[in-house]
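**Student:** A predicted structure for the sequence below; I have some questions about it.
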Amino acid sequence: MGTKKIVVTGIGATSPLGGTAEESWQNLLKGESGASPLEQEWVARLELPVTFAAQARVQPTEVLERVESKRLDPATQFAVIAARAAWADAGSPDVVPERFGVDWATGIGGVWTLLDAWDTLRERGPRRVLPMTVPMLMPNAGAAAIEMSLGARAGARTVVSACASSTESVVNAYEHLQAGYADIIIAGGAEAAIHPLPLASFASMQALSKQNDSPATASRPYDVNRDGFVLGEGAAALVLETEEHALARGAKIYAELLGGAVTSDAFHITAPDPEGSAAARAMIAAVESSGLTLDDVAHINAHATSTPVGDIAEYKALLHVFGDRLASIPVSATKASTGHLLGGAGAIEAIFTVKALQERTAPPTINLTEQDPEIALDVVREPRALPEGDLVAISNSFGFGGHNAVVAFRSV
């Protein structure tokens, strides 16, 4: 149990639902879908079996100056936009650089840079490969760009844990603040993998929905007709700091970060443990590390990717953790609207969890027309008011390799 209170003082995002965190949240509440047909010429030319994805509502090249964007992979472009927005939302605090850190994440990193450079090498020779290729493709490019942009010198660390990555970055930030490594940290994650190779690979392993005729309704967590996730892109960032530091500078506070936990399945490289035992341990530890009990949890933002196997495994983990009380806890599955942002998913869902607590409103799960009878959850289908008083919510993320990460927040 940490001795310091850690609070959220800034949020920023660019997602398939909007170019900002607030726009993404408002469009989530409206029940919008970020999925749409892909219009790039390579979709037909390469005969991709999946022809849609959840693309960012605002492309980063519309936000960044051309000179800057040319030196950054799309994933890093998203990262910089989200982090700058979160920092501005936090009031651009005047902080000692050596007490300001970055905990960032990605699942895949600079896939566009890597594969474009490989095409250039094969087609035009080694002299045409850009000298910035390696700095652009490396997974830590996002953390590096953020710390250089904002002047953070307490450390810029990178997590690469597949779809659990950015939730793990929030857990790391909590631990680093508790340990006194910094007073304020930007945490989050980014992904830009809507590229032919990841699309083809995910489709080959039967992970993606193939409902090409209806992209907006393809992601349908918990539905009997769910057939896979929808690939998304974007980034989200949270400014986290000790309550003492936040109060001293008069910062607004969205919520308290109670803690988090990371576990591993040791089961399979892509499939979750069907019993969800390690995922359950992460949920329990995330809540109990704060000194609270599981009875305090009033809302859950589920990982809920819309895969046949994954949704069941998470339900079993939730049932193990909450027992009979699970049926009365409102659960939101927001990937139905955003698609799956891979390494950026946990961060945008952490923001949605924080906003749910701040506004006391659980966001809806769209596209659920016939709930799987094997998943007896109280799924929120329309924006739902959460009770008054002290509220606790958790956000779950699970990734290939058996990575599990969970964070817990409390209303303020």
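**Tutor:** Yep, it's here.
**Student:** Could you check how far Gly91 is from Ala327?
**Tutor:** As for Gly91, its distance to Ala327 is 41 Å (criterion: Cβ to Cβ, to the nearest Å). (Each C-beta comes from the backbone N, C-alpha and C, glycine too.)
**Student:** Mind checking which of the two has more residues around it?
**Tutor:** Gly91 (15 against 11; other Cβ atoms under 10 Å).
**Student:** Kindly confirm whether my reading is correct that the more buried one touches Ala246.
**Tutor:** No - contact between Gly91 and Ala246 fails when scored by Cβ atoms under 8 Å: they sit 9.9 Å apart.
**Student:** Tell me where the stretch 251-400 of the chain has strands.
**Tutor:** Taking DSSP state E, counting those that start in this stretch to define them, one finds strands in the stretch 251-400 of the chain at 255-264, 297-301, 330-332, 361-362, 378-379, 384-385, 392-399.
**Student:** For Met205, find the nearest of these.
**Tutor:** Met205 sits nearest to strand 392-399 of all the strands of the stretch 251-400 of the chain, at 14.2 Å, using Cβ to Cβ.
**Student:** low pLDDT regions in the protein?
**Tutor:** 1 (pLDDT under 70).
**Student:** before we move on, the earlier item: pipe the strands of the stretch 251-400 of the chain into CSV and attach distance to Ile184 and mean neighbour count per row.
**Tutor:** Output for the strands of the stretch 251-400 of the chain, formatted as CSV (distance: least, Cβ to Cβ, whole Å; neighbours: other Cβ atoms under 10 Å):
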stretch, distance to Ile184, mean neighbour count
strand 255-264, 13, 24
strand 297-301, 24, 25
strand 330-332, 29, 24
strand 361-362, 28, 23
strand 378-379, 36, 18
strand 384-385, 32, 13
strand 392-399, 21, 28
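**Student:** Pro37 is nearest to which of the ones you listed?
**Tutor:** Smallest distance to Pro37 across the strands of the stretch 251-400 of the chain (Cβ to Cβ): 26.2 Å, for strand 330-332.
**Student:** neighbouring contacts of the closest one?
**Tutor:** Strand 330-332 is contacted from outside by 298-302, 304, 318, 352, 356, 362-365, 377-380, 384, 386, using Cβ atoms under 8 Å, 6 or more residues apart in numbering.
**Student:** So what are the sheet partners of that strand and their directions?
**Tutor:** strand 297-301 (parallel), strand 378-379 (parallel) (DSSP bridges).
**Student:** Pull the residues that contact the last one.
**Tutor:** Yep, that's strand 378-379 we're talking about. Outside of strand 378-379, the residues within contact range by Cβ under 8 Å, 6+ apart are 221-222, 326-333, 365, 368, 371.
**Student:** can you rerun that using 6 Å?
**Tutor:** Tyr222, Ala327, Pro330, Val331, Thr365, Leu368 (Cβ atoms under 6 Å, 6 or more residues apart in numbering).
**Student:** gap between it and the chain center?
**Tutor:** Strand 378-379 has its C-alpha centroid displaced from the chain centroid by 21 Å (Cα atoms, centre = their mean, to the nearest Å).
**Student:** one step back: I'd like to know which of the strands of the stretch 251-400 of the chain lies nearest to Gln211.
**Tutor:** Smallest distance to Gln211 across the strands of the stretch 251-400 of the chain (Cβ to Cβ): 19.7 Å, for strand 378-379.
**Student:** circling back to that earlier point, in JSON lines, list the strands of the stretch 251-400 of the chain along with distance to Thr51.
**Tutor:** Output for the strands of the stretch 251-400 of the chain, formatted as JSON lines (distance: least, Cβ to Cβ, whole Å):
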{"stretch": "strand 255-264", "distance to Thr51": "35"}
{"stretch": "strand 297-301", "distance to Thr51": "29"}
{"stretch": "strand 330-332", "distance to Thr51": "28"}
{"stretch": "strand 361-362", "distance to Thr51": "32"}
{"stretch": "strand 378-379", "distance to Thr51": "28"}
{"stretch": "strand 384-385", "distance to Thr51": "34"}
{"stretch": "strand 392-399", "distance to Thr51": "25"}
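**Student:** Between the ones you listed, which one is closest to Gly125.
**Tutor:** So among the strands of the stretch 251-400 of the chain, strand 392-399 is nearest, using Cβ to Cβ, at 37.3 Å.
**Student:** Check which helices and strands the closest one is in contact with.
**Tutor:** Here strand 392-399 touches strand 297-301, helix 345-359, strand 403-410, going by 3 or more Cβ pairs under 6 Å, 6 or more residues apart in numbering; DSSP states H and E.
**Student:** ok, now with 7 Å
**Tutor:** The elements that strand 392-399 packs onto, with contact taken as 3 or more Cβ pairs under 7 Å, 6 or more residues apart in numbering; DSSP states H and E, are helix 165-178, helix 277-288, strand 297-301, helix 345-359, strand 403-410.
**Student:** Return the list of strands paired to the last one, each annotated with direction.
**Tutor:** Strand partners for strand 403-410, identified by DSSP bridges, are recorded as strand 255-264 (antiparallel), strand 392-399 (antiparallel).
**Student:** right, and those strands - which one's nearest Glu68?
**Tutor:** Nearest of the strands paired with strand 403-410 (Cβ to Cβ): strand 392-399, 29.7 Å.
**Student:** rewinding a little: out of the strands of the stretch 251-400 of the chain, nearest to Ala182?
**Tutor:** strand 255-264 (14.0 Å).
**Student:** how many other residues sit next to Tyr311?
**Tutor:** No, residue 311 isn't Tyr; it's Asp. Using other Cβ under 10 Å, Asp311 has 25 neighbouring residues.
**Student:** just Lys252 next, same as before
**Tutor:** Neighbour tally, Lys252, other Cβ under 10 Å: 13.
**Student:** And for it, nearest residue in space, chain neighbours not counted?
**Tutor:** Leaving aside its chain neighbours, Lys252 sits nearest to Thr9 (6.5 Å; criterion: Cβ to Cβ, 6 or more residues apart in numbering).
**Student:** That neighbour against Glu243, yeah?
**Tutor:** No - taking Cβ atoms under 7 Å as the definition, Thr9 is not a contact partner of Glu243, at 9.6 Å.
**Student:** hmm, who's touching stretch 157-167?
**Tutor:** Stretch 157-167 is contacted by residues 102-107, 139-140, 143, 168-169, 172, 188-189, 340, 342-347, 350, 395, 397-401, 403-407 when judged by Cβ atoms under 7 Å, 6 or more residues apart in numbering.
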